[in-house]
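1. quick one, structure for this:
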Amino acid sequence: MRRLLLLCLVFAAATARAELPETDWLQLMPKADQEALERMPEIDHDSPEAQGTFTEKGGMKQAKGLPAVMYSTKTVPAMNGKDIRIGGYPVPLESDAKGNSTLFFLVPYPGACIHVPPPPPNQLILVRYPKGLKLADIYTPLWVTGKVKVEKVSNDLADAAYALDAQKVRVVKESDL
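-> Below is the predicted model of the structure:
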């Protein structure tokens, strides 16, 4: 009996340390939006679509005239309240007194707001992380773990269809790949 209890405790400890499986960004997008993105023409740096609309505050809002899917706030209701682990890149919004990022958008690819239009709102996640994380730059890939919510967020910088209260944020290591 004692051996069985010890075995159960070891298993419970190992399970607690195990990370959630990776959530793919496309899981946040309804199938109809996925299909619309697949049909969309390529956006390159020289096209009119590449000229994102930057506000006086340096925002990354979508430019007018893009296909409707690029503005989509349609979500996947089954994702609401789900614990996930997702990889992405930060767009810092707020920092604490130590300079650690406590509020940021997570985007699926690096430089999402610099040379091409930002992802659709249903491919942006507002991450709240009160513990804060020191970020070297926006090209630092992160793993973010926490409970995702269907929550429409709009500010001067961007619109997001999801928010996540992060329990854990860490930089992706080469051993993760």
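2. so the residue nearest the centre of the chain is in which element?
-> The residue lying closest to the centre of the chain (C-alpha atoms, centre = their mean) is L106, at 3.2 Å. Using DSSP states H and E, L106 maps to strand 101-107.
3. mind listing what that strand pairs with, with the direction of each?
-> In the sheet, strand 101-107 lines up against strand 83-95 (antiparallel), strand 125-133 (antiparallel) (DSSP bridges).
4. nearest to E42, out of those strands?
-> E42 lies closest to strand 83-95 among those, at 20.8 Å (C-beta to C-beta). C-beta here means a position set from N, CA and C on the backbone, and glycine is covered the same way.
5. low pLDDT regions in the protein?
-> 1-17, 43-65, 113-116 (pLDDT under 70).
6. quick one, helices of it?
-> 2-17, 31-39 (DSSP state H).
7. any idea which of the strands paired with strand 101-107 gets closest to V148?
-> Nearest of these to V148, taken as C-beta to C-beta: strand 83-95 at 5.2 Å.
8. mind checking how far the closest one is from the chain centre?
-> 5 Å (C-alpha atoms, centre = their mean, to the nearest Å).
9. likewise stretch 86-98?
-> That offset, for stretch 86-98, works out to 11 Å (C-alpha atoms, centre = their mean).
10. restricting to C-alpha, output it in PDB.
-> C-alpha atoms of stretch 86-98 as PDB (Å, rounded to 0.1, in the frame of the first residue of the first chain):
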ATOM      1  CA  ILE A  86       0.800  28.900 -27.200                       C
ATOM      2  CA  GLY A  87       4.000  30.200 -28.800                       C
ATOM      3  CA  GLY A  88       4.300  33.600 -30.300                       C
ATOM      4  CA  TYR A  89       6.000  37.000 -30.300                       C
ATOM      5  CA  PRO A  90       5.400  40.000 -28.000                       C
ATOM      6  CA  VAL A  91       4.200  43.400 -28.800                       C
ATOM      7  CA  PRO A  92       4.800  45.200 -25.400                       C
ATOM      8  CA  LEU A  93       2.100  47.500 -24.100                       C
ATOM      9  CA  GLU A  94       2.800  48.100 -20.400                       C
ATOM     10  CA  SER A  95       5.800  47.500 -18.100                       C
ATOM     11  CA  ASP A  96       6.200  47.600 -14.300                       C
ATOM     12  CA  ALA A  97       8.700  49.800 -12.400                       C
ATOM     13  CA  LYS A  98      11.500  47.300 -13.100                       C
END
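11. mind listing what's buried along it?
-> Neighbour-count burial for stretch 86-98, counted by 16 or more other C-beta atoms under 10 Å, picks out I86, G87, G88, Y89, P90, V91, P92, L93, S95.
12. what's the spacing between the closest residue to the second one other than its chain neighbours and G99?
-> Nearest-residue entry for G87: W143, 5.6 Å, with adjacent residues in sequence omitted and distances by C-beta to C-beta, 6 or more residues apart in numbering. Distance check for W143 against G99: by C-beta to C-beta, to the nearest Å, it reads 21 Å.
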